[in-house]
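>>> The sequence and its predicted three-dimensional model are supplied below.
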Amino acid sequence: MQNDEGRIVDLYLPRKCSATNRLIPAKEHSAVQLNVGQVDENGIYSGEFYTFALAGFIRSRGESDACLNRLLHEKGLLTFSK
């Protein structure tokens, strides 16, 4: 819900899993959210970051590392070339 100024004023905004697009319920304690910061060529943090949320479903299956690698590769933050 938005107020007259256009700001979101909901008390709870559900998260979605970045890998499966499933909604992450409020009571799921096995889900994680990661912020991956952008750095310049000198390795200095630029103040920008990407946010990834992984549901407990993915973590319990042991696929969170593969899903995170895929998401980072799609954003151009990880390369698989030698």
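Yes, it's here.

>>> how far does the longest helix belonging to the chain sit from the chain's center?
Ranked by number of residues, the top helix in the chain under DSSP state H is helix 64-75. Chain-centre distance of helix 64-75: 10 Å, with C-alpha atoms, centre = their mean, to the nearest Å.

>>> can you check stretch 68-82 too?
Per C-alpha atoms, centre = their mean, the centroid offset for stretch 68-82 relative to its chain is 14 Å.

>>> Same check on stretch 31-47?
So, by C-alpha atoms, centre = their mean, the centroid of stretch 31-47 is 12 Å from its chain's centroid.

>>> quick one: buried residues of the helix or strand harbouring Phe57?
Phe57 belongs to helix 56-60 when assigned by DSSP states H and E. By neighbour count with 16 or more other C-beta atoms under 10 Å, helix 56-60 contains the buried residues Gly56, Phe57, Ile58, Arg59. C-beta: built from backbone N, CA, C; applies to glycine.
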